[in-house]
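Colleague: how would this look folded up:
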Amino acid sequence: MPEWLNQLLLTFVPLFIVIDALGNLPIIISLSEDMINYERRKMIHIAAGTAAGVGLAFLFFGQFILNIMGISVGAFAIGGGLILLILSSKYILTGRMVNAVKEEMVAVVPIGTPLLVGPATITTLLLLAGQYPIYIVLISFILNILVAWMILMLGNRIAGFMGIGGLRAVSNIFNLLLAAIAVTMILRGLQMVGLINLNI
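Modeller: Sure, this is the predicted structure:
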């Protein structure tokens with residue numbers, strides 16, 4: 001397998017897990033249940049655009065912010081991994097519950113952010129940008145936003161096929177994988193700051 005394709009897969013999968021468009025479908029369907037098709041499509045377009053904008057901002061300027069604050073990538077990896085571990089554990093135990101008013105702004109908050117691109121996605125983007133070429137992470141993120149957009153556009157069909165229970169089961173599996181990724185990030189961070197020496 002070419003190195004660039006291997007890197008693309010290694011960056012695409014973690015982002016796909018943390019964005020979790022399938023796991024967010026029940027919430028998004030609930031938030032848009034009183035909307036007509038035009039309003040729902042418009043909401044999805046705005047949500048995807050918001051998610052892309054927030055993610056790209058942190059992808060390109062996140063490292064600059066870390067440098068200004070004097071935070072090393074290793075230290076950020078440890079802190080970010082701990083946050084991801086806590087978030088994934090919370091999602092597995094309690095699920096994602098959002099209370100929001102059904103209006104156009106729901107596309108920006110909570111769907112665009114923090115559901116699609118929230119703390120977990122931002123943390124993952126910054127960590128991946130420190131480990132892989134920026135253009136690889138950029139391509140993976142854009143592909144994930146497109147996949148999330150397609151999933152949301154086909155949301156009612158997917159929900160009808162899998163059922164709400166099936167969507168929640170998929171979300172729990174993704175969050176279990178996210179917990180494993182979080183542990184790996186913590187170990188890599190500890191290795192980067194010189195506290196441990198592991199080949200992972």
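
Colleague: all helices of the chain, in order?
Modeller: For the chain, the helices defined by DSSP state H occupy 3-19, 21-31, 37-69, 73-94, 119-129, 134-153, 155-192.

Colleague: So which of these is nearest residue 113?
Modeller: Among the helices of the chain, helix 37-69 comes nearest to residue 113, with 5.0 Å by CB to CB. No exception for glycine: its C-beta is placed from N, CA and C like everyone else's.

Colleague: How many neighbouring residues does residue 31 have?
Modeller: Counted with other CB atoms under 10 Å, residues neighbouring residue 31 total 23.

Colleague: quick one: contacts for the nearest residue to residue 189 once chain neighbours are set aside?
Modeller: If the residues on either side of it in the chain are set aside, residue 189 comes closest to residue 77, at 3.1 Å by CB to CB, 6 or more residues apart in numbering. Counting by CB atoms under 8 Å, 6 or more residues apart in numbering, residue 77 makes contact with 127, 130, 185, 186, 188, 189, 192.

Colleague: again, but for residue 111
Modeller: 24, 28, 31, 43, 47, 50.

Colleague: Please identify the deepest-packed of the helices of the chain.
Modeller: Ranked by mean neighbour count under mean count of other CB atoms under 10 Å, the helices of the chain are led by helix 119-129, which reaches a mean of 23.
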